[in-house]
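> Give me the fold of what follows.
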Amino acid sequence: FPPEHSALPFVGKHYLQRFCPGWRDFILPVETGVVHIKFFMKSIELKVRFVVMDNMSAKYFILGNDYLVAYKISLLNKERRQFTMGSKVFDFDESINAIEQTTTPESSFVSEVMNNAKLSPMLSENQN
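Below is the predicted model of the structure:
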């Protein structure tokens, strides 16, 4: 198994079939990869590793219990949807969808090299 799965519980499908014959009806979407994302909430920065699922219908980020515990996050669902981090209380704002794309050092290096390169304008995009 990949190292990012070392903390996840596992069970084999044949063994599971003995205890829960209808398990296929409850199977989760297929994983396609892992991304690292920084969340900024006022003065608080969260660095979170998310598993990207291929056919997941949710349109929001789902934090695992490990992050809730590590960052001391409590969810409050009363009249308003809120959460706390330490002593700070935050409201959920469904209108915010700000994912900022950042460049990696490798991609900025390639961009810099391409900007400084002397390429013939007659070359096609594939030849560059």
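> Give me the most central residue, the chain.
F50 (2.8 Å; CA atoms, centre = their mean).
> Stretch 35-54: how far from the chain's middle?
Centroid displacement of stretch 35-54 relative to its chain, using CA atoms, centre = their mean, to the nearest Å, is 6 Å.
> Quick check: buried residues in it?
Using 16 or more other CB atoms under 10 Å as the test for burial, stretch 35-54 gives V48, V51. C-beta coordinates here come from the backbone N, C-alpha and C atoms, glycine included.
> and if you look at stretch 72-80?
Result for stretch 72-80 [16+ other CB under 10 Å]: buried residues I73.
> ok, now stretch 83-94?
For stretch 83-94, by 16+ other CB under 10 Å, it's F83, M85.
> Going by residue numbers, what spans are helices in the protein?
With DSSP state H as the criterion, the chain has helices at 13-19, 65-70, 105-116.
> Just the C-alpha atoms of the last one, please, in CSV.
Output for helix 105-116, consisting of C-alpha atoms alone and laid out as CSV, is shown next (Å, rounded to 0.1, in the frame of the first residue of the first chain):
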residue,chain,number,x,y,z
PRO,A,105,9.3,25.5,-8.3
GLU,A,106,9.6,23.0,-11.2
SER,A,107,6.9,24.7,-13.3
SER,A,108,8.3,28.2,-12.6
PHE,A,109,11.8,27.0,-13.6
VAL,A,110,10.4,25.6,-16.9
SER,A,111,8.5,28.8,-17.5
GLU,A,112,11.7,30.9,-16.9
VAL,A,113,13.8,28.7,-19.2
MET,A,114,11.1,28.9,-21.9
ASN,A,115,11.0,32.7,-21.6
ASN,A,116,14.7,33.0,-22.0
